[in-house]
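Engineer: Model the structure of this input:
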Amino acid sequence: MHRGLNLPDLFLAISLGLIALEAALARWSVIKAKYRAMDTFASLSMQAGNIAMNLMMAGVVFAGLSAVYRVRLFDISVSSPWAWFEYLFNRPSHHRVHHGHRQRHSHVQPGSHRLP
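Structural biologist: Now for the predicted structure:
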């Protein structure tokens, strides 16, 4: 399954690659850089901590939503009129948010709002 371009992963890879390149060029005296290994280690540790915190918060949110789903009061069938009401209400409001009349937002792909 093709996931497509994941910008956070791409930016992380680029930033780590550039840090490594700068450290190597400074070590070989190709460039004059005020490179201190401890500063880089501190920055990378902060980034790793940020990623770990985001993963933990995603787990907390997932666990909370899963718990709420388990104690739901009712299910709405796809063939139910309520499901169609929600779909018909949500589609125009979603369309208005992402496809305003003044500009088209580039993060929404054409046809992504259609049901399969």
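Engineer: which stretches of the chain form helices?
Structural biologist: 7-27, 37-70, 81-98 (DSSP state H).
Engineer: JSON lines please, covering those helices and showing mean neighbour count and mean pLDDT.
Structural biologist: All C-beta spots, glycine's among them, are computed from the backbone N, C-alpha and C. Below are the helices of the chain laid out as JSON lines (neighbours: other C-beta atoms under 10 Å; pLDDT from 0 to 100):
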{"stretch": "helix 7-27", "mean neighbour count": "12", "mean pLDDT": "83"}
{"stretch": "helix 37-70", "mean neighbour count": "10", "mean pLDDT": "90"}
{"stretch": "helix 81-98", "mean neighbour count": "11", "mean pLDDT": "73"}
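Engineer: residue with max distance from the center of this structure?
Structural biologist: In terms of distance from the mean C-alpha position of the chain, residue 29 ranks first, at 37.9 Å (C-alpha atoms, centre = their mean).
Engineer: Report the separation between residue 51 and residue 28.
Structural biologist: Look at residue 51 and residue 28: by C-beta to C-beta, to the nearest Å, they are 30 Å apart.
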